[in-house]
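Enquirer: sharing a model that was predicted from the sequence below.
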Amino acid sequence: LSSVLSLGATKDMGKMLGGDEEKDPDAAKKEEERQEALRQEEEERKAKYAKMEAEREVMRQGIRDKYGIKKKEEKEAEAQAALEANAEGSLTRPKKAIPPGCGDEEEEEEESILDTVIKYLPGPLQDMFKK
């Protein structure tokens, strides 16, 4: 690989100095070989990292088993199963509990808050809001 790089570098230097561009009859073949070598290196690298990740996953699973830890996916699956089990007999979604004092009284409550604020305003401002 280094011999290919040095060859290319000297050709480029010749071009910069004003030399004629050399026509390489095997240029396409060399480029194809270089691309193939790059693809092969990439595949080897991916295989290496896949193997390393598989080894790590085996180690992680051993630790999970030892300490009784569950994977995130397992936790989510269990939570979903629990929700489905709770809703099994119901045709509608579960109703949310409404705390006491909430509901239709909200409008009255807002008015009383406004009245309370008006009480603490100076006299001329109170008159403006009452009109």
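Expert: Yep, that arrived.
Enquirer: beyond the helix or strand containing A37, next helix or strand please.
Expert: Using DSSP states H and E, A37 sits within helix 27-67. Going down the chain from helix 27-67, the next helix or strand is helix 72-86, by DSSP H and E.
Enquirer: also compute the angle for that following helix relative to helix 27-67, please.
Expert: Helix 72-86 and helix 27-67 are oriented at 60 degrees to each other (axes from the mean of the first three to the mean of the last three CA atoms, to 10 degrees).
Enquirer: what helices or strands is helix 72-86 leaning on?
Expert: Contact partners of helix 72-86 among helices and strands, from 3 or more CB pairs under 8 Å, 6 or more residues apart in numbering; DSSP states H and E: none. Where you see a C-beta, it was placed from the backbone N, CA and C, and this is true even at glycine.
Enquirer: under the pLDDT cut-off, which ranges of this protein? List them.
Expert: Applying pLDDT under 70 to the chain flags residues 1-23, 87-111, 129-131.
Enquirer: mind running it again at 80?
Expert: 1-25, 85-131 (pLDDT under 80).
Enquirer: downstream of the helix or strand harbouring T116, the next helix or strand is which one?
Expert: Using DSSP H and E, the element containing T116 is helix 106-119. Following helix 106-119 in sequence order, the next helix or strand is helix 123-130 (DSSP H and E).
Enquirer: by contact count, what packs against the helix holding A37?
Expert: Applying 3+ CB pairs under 8 Å, 6+ apart, one finds that helix 27-67 contacts no other helix or strand.
Enquirer: can you rerun that using 10 Å?
Expert: helix 2-16 (3 or more CB pairs under 10 Å, 6 or more residues apart in numbering; DSSP states H and E).
Enquirer: run a quick neighbour tally on I118.
Expert: 14 (other CB atoms under 10 Å).
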